[in-house]
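S.K.: sequence below, structure please.
(2 chains)
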Protein chains: 2
Amino acid sequence: MRRMMQQNVFEPIGFIESCFKERFGTPRQPGLVPSSWGQLRLRPELNLSEALEGLEGFSHLWLIFVFHQNMNKGVNAKVQPPRLEGEKTGLFATRTPHRPNPIGLSVVKLDRLEPGLLHFSGVDLIHGTPILDIKPYVPAADCLPEATAGWTAARPERTLQVEFTTAAVSQFELCFGAMAARAQGAVKELLELDPRPVFYRGTGDNPNPYTDTYGFRFDDYNIVYRMQGALATVLSVQPWAEYLASKDRR
Amino acid sequence: MRRMMQQNVFEPIGFIESCFKERFGTPRQPGLVPSSWGQLRLRPELNLSEALEGLEGFSHLWLIFVFHQNMNKGVNAKVQPPRLEGEKTGLFATRTPHRPNPIGLSVVKLDRLEPGLLHFSGVDLIHGTPILDIKPYVPAADCLPEATAGWTAARPERTLQVEFTTAAVSQFELCFGAMAARAQGAVKELLELDPRPVFYRGTGDNPNPYTDTYGFRFDDYNIVYRMQGALATVLSVQPWAEYLASKDRR
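M.R.: Numbers count the residues shown, from 1 in each chain, chains lettered A, B, ... in the order given. As a prediction, the model looks like this:
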């Protein structure tokens, strides 16, 4: 066997522009927030526009990407995925970003193609993610309804109920205009999944009894919500620049 | 946006041992030859055995690999996939090995786990393929029956009828013993797909009228078959070492 032990060097073909701007508030798997949006802009100097021809016939794509915000250099053989609530399992039985090679795999819905630019929804990728490859989703090869789901089978993804204050609904309209319903939908889909780290949550039968307020950046806005037991209430939406300025004043 | 334009360097976590030993006779997609077999041996010096824990609950895995036999350094934006019979399409609308980053993605069926060793079936990977990552196949995220299949939708995969001579059947039994039925099944599944390059085939309505004999290495054996129109007849199975020796004598 010819062993290619030498290192493999890959350069991004482009970068993700996404409504998710920071790790907190980015979904952990694709498809969980179908209303989310993102785009991939191919690096123009690579002259790859023609390479997208024919993709318009596929509804979904695989993106192979680099977990670029993965600053933790060490890799542990066992990890604690959020849905296992503290239990450990082997890293290869999970999609954790902390892998020997920090390569990610996401399927997204292709909404629209422009030269050198792909628009999609259902993303779980953070803004700025480097993309190594695009592959068509081929249902005959990729969709295996008979596959068994291991530890992910019985874990409910959506554990929270989400409400919006009247003020927040008006702010979505002011901030997002024609995109307001979609943006509000994306935030609802996201919060239902409980983006908080496990140690903030309490347990399933005994949710964290404390009332806490959280904020995260979504698109160019700061979203603030309050947790009470298993209820998340979105309180406000504010332009990110305004939020930063108000923070500086304090 | 922080642009990580620098190169990403990845090292294999292990290498594939497969029944497919050369490019000719290796299926072009996973799952097309369900009787095929392969295994992944993790590099022992990486101490990743524990990282496999929990994988036994999943029936299928994704393998992210390097197209290491891809010697053609140039990348063309448009390619001619075999099933398009001469038509061109953008490389990102295909799974061609000739990509800006030669990264492959295959789903395989996990048959059995040993410490540091994974046995699977339904492989399309050539012996020696470097593996960069293993991910569990999560049907809730990865199986999209509603996805549209682009140009792959209407193309029949299995175009040939396959027969075995009585002599070949006996040779499968002699060569593969308890594995004879599986090996014969894998060869049948493979040849039904017509592994020949497009220019040897003729067209769908007008198959190549010539009678030709082809050989390829499968596991440790040389398989010889004859093409007549759309019929492939397997003529013989011979240990690879014997075949090599006989070739040297000529």
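S.K.: export the lengthiest strand in chain A as CSV, just CAs?
M.R.: In chain A, with assignment by DSSP state E, the single longest strand is strand A:103-114. Output of strand A:103-114 as CSV, limited to C-alpha atoms (Å, rounded to 0.1, in the frame of the first residue of the first chain):
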residue,chain,number,x,y,z
ILE,A,103,-13.5,19.4,9.0
GLY,A,104,-17.3,20.0,9.1
LEU,A,105,-20.0,18.6,6.9
SER,A,106,-23.4,20.4,6.4
VAL,A,107,-26.3,20.0,4.0
VAL,A,108,-28.0,23.2,3.0
LYS,A,109,-31.0,24.0,0.8
LEU,A,110,-29.9,25.8,-2.4
ASP,A,111,-32.3,28.8,-2.9
ARG,A,112,-30.7,30.6,-5.8
LEU,A,113,-27.5,30.7,-7.9
GLU,A,114,-25.7,33.8,-9.2
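S.K.: Three-state assignment for the residue nearest to the spatial centre of chain A, please.
M.R.: Centroid check for chain A by Cα atoms, centre = their mean gives A:Asp124 as the closest residue, at 2.1 Å. At A:Asp124, secondary structure determined by DSSP: H, G, I helix; E, B strand; the rest coil is coil.
S.K.: just A:Ala141 next, same as before
M.R.: Following three-state DSSP, A:Ala141 is assigned to helix.
S.K.: so it touches B:Gly31, yeah?
M.R.: Yes - at 5.6 Å, A:Ala141 counts as touching B:Gly31 under the criterion of Cβ atoms under 8 Å. The way it works is simple: take the backbone N, C-alpha and C, and place the C-beta from them, glycine included.
S.K.: what do the two both touch?
M.R.: Common neighbours of A:Ala141 and B:Gly31, counting by Cβ atoms under 8 Å, 6 or more residues apart in numbering or on different chains, are B:Val107.
S.K.: ok so, going back, need the contact list for the residue nearest to the centre of chain A.
M.R.: Contacts for A:Asp124 (Cβ under 8 Å, 6+ apart) come out as A:Phe20, A:Thr26, A:Pro27, A:Arg28, A:Gln29, A:Pro30, A:Gly31, A:Leu32, A:Val33, A:Ser36, A:Ser106.
S.K.: which among those residues are in contact with chain B?
M.R.: Restricting the contacts of A:Asp124 to those touching chain B (Cβ under 8 Å from any Cβ of the partner chain) yields A:Gln29, A:Pro30, A:Gly31, A:Leu32.
S.K.: quick check, the third one in contact with A:Gly122.
M.R.: Put plainly, it is A:Gly31. Yes - counting by Cβ under 8 Å, A:Gly31 does reach A:Gly122; the two are 4.8 Å apart.
S.K.: quick one: common contacting residues for these two?
M.R.: Residues touching both A:Gly31 and A:Gly122 (Cβ under 8 Å, 6+ apart) are A:Val107.
S.K.: looking at the two, which is more packed in?
M.R.: Between A:Gly31 and A:Gly122, counted using other Cβ atoms under 10 Å in any protein chain shown, A:Gly122 has the larger neighbour count: 25 against 20.
S.K.: tell me what the worst-scoring helix or strand of chain A on mean pLDDT is packed against?
M.R.: Using mean pLDDT, DSSP states H and E, helix A:240-249 stands out as the lowest-scoring helix or strand of chain A, at a mean of 87. With contacts defined as 3 or more Cβ pairs under 8 Å, 6 or more residues apart in numbering or on different chains; DSSP states H and E, helix A:240-249 has these neighbours: strand A:221-228.
S.K.: now do the SS call for A:Ala180.
M.R.: helix.
S.K.: now do the contacts for it.
M.R.: A:Phe172, A:Glu173.
S.K.: now swap in the one 3 residues further on and tell me
M.R.: The neighbourhood of A:Ala183, defined by Cβ under 8 Å, 6+ apart, consists of A:Cys19, A:Ser35, A:Phe172, A:Cys175, A:Phe176, A:Phe218, A:Asp219.
S.K.: next: A:Asn76.
M.R.: A:Asn76 makes contact with A:Leu91, A:His98 under the criterion Cβ under 8 Å, 6+ apart.
S.K.: got the domain boundaries for chain A?
M.R.: Following automatic domain parsing, chain A resolves into domains at A:14-147, A:161-249.
S.K.: chain A: helices as residue ranges?
M.R.: For chain A, helices defined by DSSP state H occupy the ranges A:139-142, A:166-176, A:180-192, A:240-249.
S.K.: any residues touching the second one, and which ones?
M.R.: Residues external to helix A:166-176 that are found in contact with it (Cβ under 8 Å, 6+ apart): A:164, A:180, A:182-184, A:219, A:221, A:234-239.
S.K.: where does chain A have low pLDDT?
M.R.: Along chain A, segments meeting pLDDT under 70 span A:1-6, A:71-73, A:154-156, A:202-211, A:249-250.
S.K.: what pairs with the spatially closest residue to A:Glu56 that is not a sequence neighbour across the strands?
M.R.: Leaving aside its sequence neighbours, A:Glu56 sits nearest to A:Leu113 (Cβ to Cβ, 6 or more residues apart in numbering or on different chains; 5.3 Å). A:Leu113 has these beta-bridge partners by DSSP bridges: A:Leu118.
S.K.: quick check, A:Gln161 in contact with A:Ala232.
M.R.: Yes - the criterion here is Cβ under 8 Å, and A:Gln161 meets it with A:Ala232 at 7.1 Å.
S.K.: which neighbours do the two share?
M.R.: Common contact partners of A:Gln161 and A:Ala232 (Cβ under 8 Å, 6+ apart): A:Glu192.
S.K.: between those two, which one's more packed in?
M.R.: Set A:Gln161 next to A:Ala232 and count neighbours by other Cβ under 10 Å: A:Ala232 wins out with 24 against 13.
S.K.: what's the end-to-end length of stretch A:81-99?
M.R.: Start-to-end span of stretch A:81-99 (Cα to Cα, to the nearest Å) is 13 Å.
S.K.: mind picking the two most distant members of the contacts of helix A:166-176?
M.R.: A:Arg182 and A:Leu235 (20.0 Å; Cβ to Cβ).
S.K.: between all of the contacts of A:Ala183, which two are separated the most?
M.R.: Farthest pair in these, by Cβ to Cβ: A:Ser35 and A:Cys175, 15.2 Å.
S.K.: count of residues packed around A:Asp212?
M.R.: Here the count is done by other Cβ under 10 Å, and A:Asp212 has 11 residues near it.
S.K.: that one reaches A:Met227, doesn't it?
M.R.: Yes - contact criterion Cβ under 8 Å: A:Asp212 and A:Met227 qualify, at 5.0 Å.
S.K.: what's around A:Val187, how many residues?
M.R.: Neighbours of A:Val187 under the rule other Cβ under 10 Å: 28.
S.K.: same deal with A:Gln69?
M.R.: By the measure other Cβ under 10 Å, the count of residues near A:Gln69 is 17.
S.K.: do the same with A:Tyr221
M.R.: When counting by other Cβ under 10 Å, one arrives at 23 neighbours for A:Tyr221.
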